[in-house]
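Student: no letters, just coordinates:
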């Protein structure tokens, strides 16, 4: 299921991979205090609200550096990795029914059966989803995320304008709508306690912390090596989405990029 994450691009548990070289960046100059001031940013039709989005990006990154990043690293240091992985597996497992539904809507019944099989195996043998036994032998059913945003894309709906939103991060209009439907349907499909605040709030916090831990190296690289981190983040996200969609419903001119670092939670373990 396509899940929207907090406003810092994040990765799940895999070894960090080098980013692809960013697109040509606008001229910039150091400002007082060492901050980078972008003096010219080329307009992109995909990002009609670039000025507002860029301001949102600056605020969010400041909060991340001051609060979210340190809290995430503290969580990493005090929480044993097996427990963190178990919580991640549990949250992923809850997505499988929505994932299977979207594979059906995309006319991929075989893939839908595999997602349903993952849910059954991990919910039973995997101790409620804490252990991802489905990806292991003899089952060999790896985690493959999916959601309504992908389904919309498969039926020809374009991404719409790009946004960088507080508490959401990089996204597009199509992805916001798709993720909203995913989240609305999940409690109806799974049932309680997914629709209760005492579950939803801690689950989202844990999910965000796990994601932030794994994106740490990528964030450092973007901040250190990009003349315009906002543009680099935007182009990375849009490229990731094109590659993800191409892997599910290939289109002419769109191909899966195996060298592209996956989005948080969307990579294969």
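Tutor: Here it is on my side, so go on. On a predicted model such as this, the values are computed, not experimentally measured, just so you know. Residues are numbered from 1 along each chain as shown.
Student: buried sites along the helix or strand encompassing residue 72?
Tutor: In this structure, residue 72 sits in helix 69-78 according to DSSP states H and E. For helix 69-78, the buried set under the neighbour-count rule, 16 or more other Cβ atoms under 10 Å, comprises 69, 72, 75-76. Backbone N, C-alpha and C define where each C-beta goes, glycine included.
Student: average model confidence for that helix?
Tutor: Mean pLDDT, helix 69-78: 94.
Student: got the angle for the longest helix anywhere in the chain vs helix 69-78?
Tutor: The longest helix of the chain (DSSP state H) is helix 81-105. Interaxial angle of helix 81-105 relative to helix 69-78 (axes from the mean of the first three to the mean of the last three Cα atoms, to 10 degrees): 110 degrees.
Student: now for helix 81-105, which elements pack on it?
Tutor: Contacts defined by 3 or more Cβ pairs under 8 Å, 6 or more residues apart in numbering; DSSP states H and E place helix 81-105 against helix 109-124, helix 148-154, helix 173-190, helix 197-214.
Student: please tabulate the ones you listed in TSV, including the columns mean neighbour count.
Tutor: Output for the helices and strands packed on helix 81-105, formatted as TSV (neighbours: other Cβ atoms under 10 Å):
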stretch	mean neighbour count
helix 109-124	18
helix 148-154	24
helix 173-190	17
helix 197-214	17
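Student: would you mind giving the ones you listed as CSV with distance to residue 233 added?
Tutor: Shown next, in CSV, are the helices and strands packed on helix 81-105 (distance: least, Cβ to Cβ, whole Å):
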stretch, distance to residue 233
helix 109-124, 30
helix 148-154, 18
helix 173-190, 15
helix 197-214, 14
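Student: least confident of those helices, on average?
Tutor: Among the helices and strands packed on helix 81-105, helix 197-214 scores lowest, with a mean of 84.
Student: quick one: it to chain centroid distance?
Tutor: Centroid displacement of helix 197-214 relative to its chain, using Cα atoms, centre = their mean, to the nearest Å, is 13 Å.
Student: next helix or strand past it?
Tutor: Heading C-terminal from helix 197-214 (DSSP H and E), you reach helix 216-225.
Student: tell me the angle of that next one relative to helix 197-214?
Tutor: Using the same axes, to 10 degrees, helix 216-225 lies at 60 degrees relative to helix 197-214.
Student: list the buried ones in helix 216-225?
Tutor: 216, 218-219, 221-222.
Student: avg pLDDT for that helix?
Tutor: Helix 216-225 comes out at a mean pLDDT of 89.
Student: next: stretch 240-248.
Tutor: On average, stretch 240-248 scores 93.
Student: out of the helices and strands packed on helix 81-105, which comes closest to residue 91?
Tutor: Across the helices and strands packed on helix 81-105, residue 91 has its closest neighbour in helix 197-214 (5.6 Å, Cβ to Cβ).
Student: which helices and strands does the closest one pack with?
Tutor: helix 69-78, helix 81-105.
Student: of these, which approaches residue 57 most closely?
Tutor: Across those, closest to residue 57 is helix 69-78 (Cβ to Cβ), at 15.2 Å.
Student: quick one, which of the helices and strands packed on helix 197-214 gets closest to residue 42.
Tutor: helix 69-78 (29.2 Å).
Student: thanks a lot, catch you later.
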